[in-house]
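Student: coordinates only, no sequence provided:
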Ligand code: SAH
């Protein structure tokens, strides 16, 4: 089996013969966890310049300098799907971010709704989870984690050309796969409610909007994270890059 080459996300521009300094945490990971040494290989990506092979030229406890050798993959854009989610409890939210990143989400929006229970969202932690999942899943970009926004404010400024699939567990919404099949969308968002679901008022408001499509995921009530991942999988298989 080919030797595993660690993949790291960085912010620097990536070009031939350039050297880049990694963050202290990344230096620690390469040296103490992966036990890499000078001349060993690393792959790096920044979301703009594709993926690059690099060699370690300096490595100690706090620093690691890489020399970029050659581009191994050109930059590609993944499917144009966003996830709008009511923040859920600690532990589950990290799981959701990791899996949504693996499923190719481009943008992650924590949306504050009437029944939102979680008051503090640690965006830097969510970003760190997205980075780790992108590194591990061989993505060439990291999904953007947006500042939490109130549902009403988000809808007010929404570009109506991007359809929102709203997970609707209450009544007879058409199934998600039926809607995707009938009307394949190239850019979309999926919206799921928080653990307590949407309020009656929110339901009414959402259903009145032309760019919101309520969809069902079957007769069982799914937890918010399950519903989000089921909707993303469904969209990816009919409209995305699967
Ligand atoms: N009404 C609930 C359940 C909320 S589940 C309660 O009172 O607790 C959290 C979210 O997952 C919902 O807001 C909805 O967007 C989504 N969801 C769960 N099961 C679903 C289903 N069968 N079909 C569509 N969406 C679903």
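Tutor: Arrived safely, thanks for sending. None of the values given here were measured: they were computed from a predicted structure.
Student: quick check: residues of this protein near the ligand?
Tutor: 167-169, 192-193, 195-198, 216-218, 220-222, 224, 227 (CB under 6 Å from any ligand atom). The way it works is simple: take the backbone N, C-alpha and C, and place the C-beta from them, glycine included.
Student: now, of these, which are buried?
Tutor: The neighbour-count test (16 or more other CB atoms under 10 Å) marks 167-169, 192-193, 195, 197-198, 216-217, 222, 224, 227 as buried among these.
Student: look up how far residue 124 lies from the residue in the chain that the ligand sits nearest to.
Tutor: Distances between the chain and the ligand by CB to the nearest ligand atom are smallest at residue 193, namely 2.3 Å. For residue 193, the distance to residue 124 (CB to CB, to the nearest Å) stands at 25 Å.
Student: what sits closest to residue 232 if chain neighbours are left out?
Tutor: In space, and not counting its chain neighbours, residue 232 is closest to residue 103: 4.5 Å by CB to CB, 6 or more residues apart in numbering.
Student: ok, that neighbour - how many residues close by?
Tutor: 22 (other CB atoms under 10 Å).
Student: again, but for residue 3
Tutor: The burial count for residue 3: 6, using other CB under 10 Å.
Student: could you list the buried residues of whatever helix or strand residue 155 lives in?
Tutor: Per DSSP states H and E, residue 155 falls inside helix 151-156. Residues of helix 151-156 classed as buried by neighbour count (16+ other CB under 10 Å): 151, 154-155.
Student: other SSEs contacting that helix?
Tutor: For helix 151-156, the packing partners by 3 or more CB pairs under 8 Å, 6 or more residues apart in numbering; DSSP states H and E come out as strand 107-112, helix 200-207.
Student: what angle do the helix or strand that the first one is followed by and strand 107-112 make?
Tutor: If I follow you right, that is strand 107-112. Note on strand 107-112: by DSSP H and E, the next helix or strand toward the C-terminus is helix 123-136. Orientation note: helix 123-136 sits at an angle of 150 degrees relative to strand 107-112 (axes from the mean of the first three to the mean of the last three CA atoms, to 10 degrees).
Student: which other residues reach helix 123-136?
Tutor: 6-9, 93-94, 97-99, 101-102, 108, 110, 139, 141-143, 145, 147 (CB atoms under 8 Å, 6 or more residues apart in numbering).
Student: quick check: mean pLDDT across that helix?
Tutor: Confidence for helix 123-136, expressed as mean pLDDT, is 96.
Student: how far does that helix sit from the chain's center?
Tutor: 8 Å (CA atoms, centre = their mean, to the nearest Å).
Student: ok so, going back, so which of the residues of the chain next to the ligand belong to strands?
Tutor: Of the residues of the chain next to the ligand, the ones assigned to strands by DSSP state E are 167, 192.
Student: among the residues of the chain next to the ligand, which are located in helices?
Tutor: Under the assignment DSSP state H, these contribute 224, 227 to helices.
Student: I'd like the average pLDDT over the helix holding residue 155.
Tutor: For helix 151-156, mean pLDDT rounds to 97.
Student: same deal with stretch 59-71?
Tutor: The average pLDDT for stretch 59-71 rounds to 95.
Student: could we number from 52 for the rest of this?
Tutor: In the new count, where the first residue is 52, that last one comes out as stretch 110-122.
Student: can you report phi and psi for the residue nearest to the spatial centre of the chain?
Tutor: The residue lying closest to the centre of the chain (CA atoms, centre = their mean) is residue 152, at 3.4 Å. With angles defined as degrees, to the nearest 10, residue 152 shows backbone torsions of phi -70, psi -40.
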